[in-house]
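Undergrad: quick check, what structure comes out for this input:
(4 chains)
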Number of protein chains: 2
Amino acid sequence: MAKRSKVNQRQRILDEAAKLFKEKGFAGTSMRDLGGEVGMEAASMYNHIKSKDEILESICFYISNTYISQLAEVEKMEAPYTKKVETLLRLHVYLMLEDGAAVSVANNDWKYLTGEKLTEFKDARKRYEQGFATLIELGIAAGELQPVNVSVALFTMLSAVRWVELWYRPGRGISPEDLEQNIMTILLNGLAK
Amino acid sequence: MAKRSKVNQRQRILDEAAKLFKEKGFAGTSMRDLGGEVGMEAASMYNHIKSKDEILESICFYISNTYISQLAEVEKMEAPYTKKVETLLRLHVYLMLEDGAAVSVANNDWKYLTGEKLTEFKDARKRYEQGFATLIELGIAAGELQPVNVSVALFTMLSAVRWVELWYRPGRGISPEDLEQNIMTILLNGLAK
DNA sequence: ATTAAAAACTAACAGCTATTAGTTTTTAAA
DNA sequence: TTTAAAAACTAATAGCTGTTAGTTTTTAAT
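TA: Numbers count the residues shown, from 1 in each chain, chains lettered A, B, ... in the order given. This next block holds a predicted model:
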């Protein structure tokens, strides 16, 4: 059976690409670099992928699709808005702990997407942000959240969660659960006593 | 007097480089791209700069030096730790509003520094983070701040302040002062009511 | 108006880029 | 063991990279 092997090799290329793009950036990573990491001549990888651009697209849209389905999941929840916001942020942290390299690429290298893929990605991101903002807005209207500027709250939270991927490693002396709990405490209850 | 002109041209190159590096990344920006923006052949810029690497170094160390002197300033203040932390964060926001492109480059493209410049930059960043962490630690010890994990608090705050540069434009319908105030409210008092 | 320095230019370089075409090797079902 | 597809290889492509050398133009003080 040849199909299995092809799928696996493609996935290996994508995984190594995510790691390399995270480390050296999309433009700073050559197909020869990637081939070296995968253990294959650069040219050979074209049996599994269409182009370098397609690699980037696969990584970016895997992440944006995940975000969007997580949002849909949370929107369906029957719970207070604070709980919904908290859940969405927790899912962010989880995805980062699981697939940090891909998240990093989607966060930083999406700008190298071209043509309609670029607009498609930006649209997806805007949809996600819009949905998240609505949760915050409703939370404020319901009196559950402080009446802060919605955009400021949105981006402060999204960013506050992004550093995890840069910093977190098992062996940092803090468990994923504690990490999460600490971030949530700061964002929801504030740092001041 | 020719000296004046040389300094200005050099600064123009650095400014355009920061904008371009922010937009397309260091590796994604060619000297010909930069020349096009400056209005000069790529080769001509070498009358004002030593190399592409040197441009990156100038931008990165300008920012890291600013951060470090801001930290020193705050450390000298006679004030509660909450006030010190708040001041340092405000200075972050100001620097971003003033020099967003350069901040962005120092945040994202420092990894393209090479050799001892790379280690020098990482050391400076570590010193800054260490100093900031100490303020938080003392704040907790003094009972002014919630007893959260210091690293988590540090990076949550530093990141929460980074998105400004990606998002803020005059005409967003919020003044720099309100922007600041909203961020501080979320970080210090929390989003939950 | 002369002069010398500064700053622009053109042309060229060696090396790297993503990708293709064509060929050989590996894989796995018959 | 034969066979055909899949997946690896080598070699080559045109175009772009940062940078240098050498030349001409611009600038500004004498």
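
Undergrad: from here on, contacts and neighbour counts on C-alpha atoms
TA: OK.

Undergrad: which residues touch the most centrally placed residue in chain A?
TA: Nearest residue to the geometric centre of chain A (CA atoms, centre = their mean): A:Val103, 3.4 Å. Going by CA atoms under 8 Å, 6 or more residues apart in numbering or on different chains, A:Val103 touches A:60, A:63, A:95-96, A:165.

Undergrad: nearest to DNA strand D, of the residues you listed?
TA: Set against DNA strand D, the nearest of the contacts of A:Val103 by CA to the nearest atom of the strand is A:Cys60 (23.0 Å).

Undergrad: which residue is the nearest non-sequential neighbour of that closest one?
TA: Nearest in space to A:Cys60, with sequence neighbours left out and distances taken as CA to CA, 6 or more residues apart in numbering or on different chains, is A:Ala106 at 4.6 Å.

Undergrad: tell me if I'm right that that neighbour and A:Ile63 touch.
TA: Yes. Counting by CA atoms under 8 Å, A:Ile63 is a contact partner of A:Ala106 at 6.6 Å.

Undergrad: on that earlier part again, OK, contacts around the residue nearest to A:Cys60?
TA: Going by CA under 8 Å, 6+ apart, A:Ala106 touches A:59-61, A:63-64.

Undergrad: elements contacting the helix or strand containing A:Phe21?
TA: Per DSSP states H and E, A:Phe21 falls inside helix A:3-24. On a contact count with 3 or more CA pairs under 8 Å, 6 or more residues apart in numbering or on different chains; DSSP states H and E, helix A:3-24 meets helix A:31-38, helix A:52-76, helix A:81-108.

Undergrad: picking up where we left off before, out of the contacts of A:Val103, which is most surrounded?
TA: Counting neighbours by other CA atoms under 10 Å in any protein chain shown, A:Cys60 comes out on top of these with 25 neighbours.

Undergrad: how near is A:Thr87 to A:Ser64?
TA: Going from A:Thr87 to A:Ser64 by CA to CA, to the nearest Å gives 17 Å.

Undergrad: revised request: answer the last question for A:Gly190.
TA: For A:Gly190, the distance to A:Ser64 - CA to CA - is 29 Å.

Undergrad: can you tell me the SS state at A:Gly173?
TA: Recorded secondary structure, A:Gly173: coil (DSSP: H, G, I helix; E, B strand; the rest coil).

Undergrad: okay, now A:Asn189: neighbour count?
TA: Per other CA under 10 Å, the neighbour tally for A:Asn189 reads 19.

Undergrad: how close does the residue nearest to A:Cys60 sit to A:Lys52?
TA: 15 Å.

Undergrad: can you check A:Leu135 too?
TA: Taken as CA to CA, the span from A:Leu135 to A:Lys52 is 37 Å.

Undergrad: okay, now the unreliable bits of chain A?
TA: A:1-7 (pLDDT under 70).

Undergrad: DNA strand C contacts on that one?
TA: A:1-2, A:5, A:27, A:29-32, A:42-44, A:46, A:50-53 (CA under 7 Å from any atom of the strand).

Undergrad: what residues does the closest residue to chain B within chain A make contact with?
TA: Proximity of chain A to chain B (CA to the nearest CA) peaks at A:Gly190, 3.5 Å away. A:Gly190 makes contact with B:185-191, according to CA under 8 Å, 6+ apart.

Undergrad: please name the nearest non-neighbouring residue to it.
TA: Spatial nearest neighbour of A:Gly190, excluding adjacent residues (CA to CA, 6+ apart): B:Gly190 at 3.5 Å.

Undergrad: quick one: stretch A:184-193 to chain centroid distance?
TA: Relative to its chain's centre, stretch A:184-193 lies at 24 Å (CA atoms, centre = their mean, to the nearest Å).

Undergrad: please point out which parts of it sit buried.
TA: Using 16 or more other CA atoms under 10 Å in any protein chain shown as the test for burial, stretch A:184-193 gives A:184-192.

Undergrad: gap between the two ends of it?
TA: Using CA to CA, the two ends of stretch A:184-193 sit 15 Å apart.

Undergrad: so how far is B:Ile140 from A:Asp15?
TA: 41 Å.

Undergrad: neighbour count: those two, which is higher?
TA: Set A:Asp15 next to B:Ile140 and count neighbours by other CA under 10 Å: B:Ile140 wins out with 21 against 18.

Undergrad: and the closest residue in space to that one that isn't next to it in sequence, which of the three is it?
TA: Excluding its sequence neighbours, the residue lying closest to B:Ile140 (CA to CA, 6+ apart) is B:Pro147, at 5.7 Å. Counting by three-state DSSP, the backbone at B:Pro147 sits in coil.

Undergrad: and for the one 4 residues further on?
TA: Three-state secondary structure (criterion: three-state DSSP) places B:Ser151 in helix.

Undergrad: quick one, what contacts the closest residue to it other than its chain neighbours?
TA: Nearest-residue entry for B:Ser151: B:Ala133, 6.9 Å, with adjacent residues in sequence omitted and distances by CA to CA, 6+ apart. Contact partners of B:Ala133, counting by CA under 8 Å, 6+ apart, are B:150-151, B:154.

Undergrad: tell me the one among those nearest to DNA strand D.
TA: Closest approach between the contacts of B:Ala133 and DNA strand D, by CA to the nearest atom of the strand: B:Leu154, at 34.9 Å.

Undergrad: that closest one: what's it in contact with?
TA: Contacts of B:Leu154 (CA under 8 Å, 6+ apart): B:129, B:132-133, B:136.

Undergrad: where's it relative to chain A, distance?
TA: B:Leu154 is 10 Å from chain A, where distance means CA to the nearest CA, to the nearest Å.

Undergrad: residues in chain A within reach of chain B, list them.
TA: A:24-25, A:27-28, A:82, A:111-112, A:143-146, A:148-149, A:152-153, A:155-163, A:179, A:182-183, A:186-193 (CA under 8 Å from any CA of the partner chain).

Undergrad: now these: which count as buried?
TA: For the residues of chain A next to chain B, buried by 16+ other CA under 10 Å: A:25, A:28, A:82, A:111-112, A:144-146, A:148-149, A:152-153, A:155-163, A:179, A:182-183, A:186-192.
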